[in-house]
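[1] Sequence and computational prediction follow.
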Amino acid sequence: MKKRYTLSSKVYWRSLGLVSLLTVLVAVGVQPTTRAQAQSSDELASAESAAVPIAPTRKLKVGKAVLRTWAEITAAESTPPPLAPTEAPFRSTLGDAAYAAAKAAANSAPRSIKPSALDPLGPPIFKGISFEGVNQSETPPFFRPPDTHGTIGTSHFVEVTNTHLDIYSRDGVRVVGTSLAAFFGYSATAIFDPRAVYDPIWNRWIIVSDSFAVSPTEQNFLLAISKTADPTGPYFVYILNVTFTSSDFFDFPQLGFDQDAVIITANIFNGTSFKGADLFAVAKARLYNGLGFSVPLFTGLCGTLAPPIVLDQNASAFLVCAPPSGSTITKLTMTNASNPGNVTLAASTITVPAYGVPPDAPQPTVGACNSTTNRLDTSDARFVNASTQIGSSLFQVHTVALGSFAAPKFYEFNTTTNTVIQSGFFFAGSSSFDWNASIAASAAKNVFVTWTSDTPSTSTPPQVRFSGRLAADPAGAIGAGFSLSTSALVCYDPSTDNVERWGDYSAVTIDPLNSTRAWGVNEKVRTGTTWSTRIGNMGY
């Protein structure tokens with residue numbers, strides 16, 4: 001029997017015993033900043049007093065996990081995964097009509113000129129590992145987009161895509177390939193929006209995914225934690241019913257962690273109406289031992305709320321969200337996330353240069369492709385992946401409009417003063433369209449990014465690109481980097497839509513064996529109707 005858990009309105013707190021950390025944590029060094037950040041005590045007090053407390057609205061009470069072995073997973077492979085829609089719908093917090101209007105306006109913007117790509121002092125270079133990840137033909141029921149995500153650990157790279165889990169050795173040999181349905185032991189509905197992270201503090205793999213609704217009162221969120229540092233070993237699996245109000249839909253879950261807790265967020269829709277984001281955090285001491293938990297649930301928060309990957313022992317984790325357009329970022333400060341009886345949440349804002357929804361990316365003219373009828377979706381300026389948190393610095397990236405182009409813009413936020421330490425665009429070239437970016441930073445504040453880029457004017461199809469910056473590079477500078485892999489020169493046109501769905505996110509993660517290197521995974525085109533993925537590494 002699979003266990004499903006839902007909300008309890010009963011006030012129930014369970015005291016959590018603290019587990020001693022035997023792992024030696026990496027100390028985060030203080031780096032010289034590239035911009036003056038000295039603030040008076042009055043300014044600091046003002047930034048702190050601007051925070052608005054937020055109270056939880058519900059309690060999430062969950063029983064023990066089910067320990068799932070690979071023998072059980074392999075046996076479940078004989079059962080076909082549940083059917084899925086051909087295309088996973090994209091749900092913008094703007095609503096369908098407003099999103100369509102914003103995209104139409106961005107797509108019709110007068111042609112502009114952008115500067116040449118920057119060349120920072122110490123760009124990362126290819127480090128010799130590059131291999132094909134899973135492709136659409138290997139992932140029944142074969143729907144799109146892939147929502148490519150993954151992470152590097154000490155022994156393996158784990159890739160997750162819509163409906164599939166693939167595990168590779170560090171030299172690129174696939175050692176496991178299985179459906180997410182078999183992995184989670186869940187066959188009620190199709191699984192989508194997967195994420196995977198590796199926790200180098202506790203040496204555990206965390207894999208989550210969403211599923212389509214079973215009924216108006218049941219939609220399940222799937223959460224798995226490896227029992228050991230080996231991703232091919234057994235997993236603790238939780239199946240949570242996350243329908244808190246009838247017909248609500250739990251969408252675009254995101255995954256992060258601090259020293260002691262795993263942090264999960266998601267957008268909540270009713271039909272096409274956005275109701276706000278949900279947030280909850282669970283102590284690692286419970287999840288990593290398959291124990292039940294009872295935690296507060298925060299609801300009605302800002303849309304597409306990105307949790308952090310916290311690299312130090314800060315008692316507070318900082319979450320951020322970017323509306324589709326504007327000049328402010330909302331920051332939420334979550335303190336004591338692992339202690340359900342003492343967790344707090346407070347909201348404040350960070351002012352940023354004004355930005356807007358990016359135009360969609362035209363494809364190179366090949367076959368039936370042209371710039372108006374065969375574009376690729378570049379999303380809605382949301383933060384698509386977890387931030388990196390180091391001391392008072394928080395690194396994030398999103399794709400926005402740069403004139404008539406789509407381009408990623410990265411930030412380093414000061415979480416103490418609620419200011420921008422640095423920000424800047426990056427892209428492949430002066431006529432490229434660039435989107436679907438992810439960012440990670442090391443404890444030394446060296447930055448790595450991956451993104452998708454194409455250049456119709458030079459007949460360059462979508463590429464998987466890598467780049468980054470050293471902490472000492474000029475503020476705001478990330479260069480053009482390099483192409484890890486280029487798609488086939490075909491028109492990606494798997495449906496009758498004028499704008500084809502592209503992966504809603506990618507991933508880049510710091511190598512736990514060498515913090516001067518990072519591994520990334522991103523999407524590319526395999527044929528005119530199918531996607532594929534590419535995995536590789538870079539470093540300084």
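    Here it is on my side, so go on. Keep in mind that this is a model prediction, so the values were computed, not measured. Numbers count the residues shown, from 1 in each chain.

[2] Just the CA trace of stretch 410-430, in PDB.
    Output in PDB follows, covering the C-alpha atoms of stretch 410-430 (Å, rounded to 0.1, in the frame of the first residue of the first chain):
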ATOM      1  CA  PHE A 410      22.100  37.700 -12.900                       C
ATOM      2  CA  TYR A 411      22.100  39.300  -9.500                       C
ATOM      3  CA  GLU A 412      24.100  39.200  -6.300                       C
ATOM      4  CA  PHE A 413      21.800  40.500  -3.600                       C
ATOM      5  CA  ASN A 414      22.900  41.800  -0.200                       C
ATOM      6  CA  THR A 415      20.400  40.100   2.100                       C
ATOM      7  CA  THR A 416      21.300  42.300   5.100                       C
ATOM      8  CA  THR A 417      20.700  45.700   3.400                       C
ATOM      9  CA  ASN A 418      18.200  44.500   0.800                       C
ATOM     10  CA  THR A 419      20.300  46.000  -2.100                       C
ATOM     11  CA  VAL A 420      21.900  44.800  -5.300                       C
ATOM     12  CA  ILE A 421      25.600  44.200  -5.000                       C
ATOM     13  CA  GLN A 422      26.000  43.600  -8.700                       C
ATOM     14  CA  SER A 423      23.900  42.600 -11.700                       C
ATOM     15  CA  GLY A 424      24.400  42.100 -15.400                       C
ATOM     16  CA  PHE A 425      23.200  40.500 -18.600                       C
ATOM     17  CA  PHE A 426      25.000  37.700 -20.400                       C
ATOM     18  CA  PHE A 427      24.500  36.200 -23.800                       C
ATOM     19  CA  ALA A 428      26.200  34.400 -26.700                       C
ATOM     20  CA  GLY A 429      26.500  37.400 -29.000                       C
ATOM     21  CA  SER A 430      25.100  40.700 -30.200                       C
END
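
[3] Let me see the contact set for N370.
    P362 (CB atoms under 8 Å, 6 or more residues apart in numbering). Using the backbone N, CA and C atoms, a C-beta is placed for each residue, glycine as well.

[4] Please tell me how far the one residue sitting closest to the centre of the chain sits from V397.
    Ranked by distance to the mean C-alpha position of the chain (CA atoms, centre = their mean), the top residue is N385 at 2.3 Å. N385 sits 8 Å away from V397, going by CB to CB, to the nearest Å.

[5] ditto for V62
    V62 sits 32 Å away from V397, taking CB to CB as the criterion.

[6] With A261 instead?
    24 Å.

[7] likewise R526?
    On the measure of CB to CB, R526 and V397 end up 26 Å apart.

[8] The two: which is more packed in?
    Taking neighbours as other CB atoms under 10 Å, R526 and V397 compare with V397 leading, 27 against 18.

[9] Report the contact partners of the more buried one.
    F383, P408, K409, F410, Y411, A437, S438, I439, V449.

[10] Now render these as CSV, adding secondary structure.
    Putting the contacts of V397 into CSV (DSSP: H, G, I helix; E, B strand; the rest coil) gives the following:
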residue, secondary structure
F383, coil
P408, strand
K409, strand
F410, strand
Y411, strand
A437, strand
S438, strand
I439, strand
V449, strand
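
[11] Show me which of those residues is closest to S506.
    Using CB to CB, S438 is the member of the contacts of V397 that sits closest to S506, with 4.7 Å.

[12] unless I'm mixing things up, that closest one is touching G503, no?
    No - using CB atoms under 8 Å, S438 makes no contact with G503, being 10.6 Å away.

[13] Assess the claim that A440 and N446 are in contact.
    No - applying CB under 8 Å as the test, A440 and N446 come out as separate, 9.6 Å apart.

[14] thinking again about what came up before, mutual contacts of N385 and V397, please.
    Joint contacts of N385 and V397 (CB under 8 Å, 6+ apart) are S438, I439.

[15] quick one: least confident helix or strand in this protein?
    helix 41-49 (a mean of 49; mean pLDDT, DSSP states H and E).

[16] Tell me how far whichever helix or strand comes after that one lies from the chain's centre.
    Downstream of helix 41-49, the next assigned helix or strand under DSSP states H and E is strand 52-54. Per CA atoms, centre = their mean, to the nearest Å, the displacement of strand 52-54 from the mean C-alpha position of its chain is 25 Å.

[17] okay, the helix or strand just after strand 52-54 in PDB with CA atoms only?
    Next helix or strand after strand 52-54 toward the C-terminus (DSSP H and E): strand 58-62. Written as PDB, here are the backbone C-alpha positions of strand 58-62 (Å, rounded to 0.1, in the frame of the first residue of the first chain):
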ATOM      1  CA  ARG A  58      -2.200  25.500   7.900                       C
ATOM      2  CA  LYS A  59      -0.300  22.500   9.300                       C
ATOM      3  CA  LEU A  60       1.100  19.800   7.100                       C
ATOM      4  CA  LYS A  61       1.200  16.500   9.000                       C
ATOM      5  CA  VAL A  62       2.900  13.500   7.300                       C
END
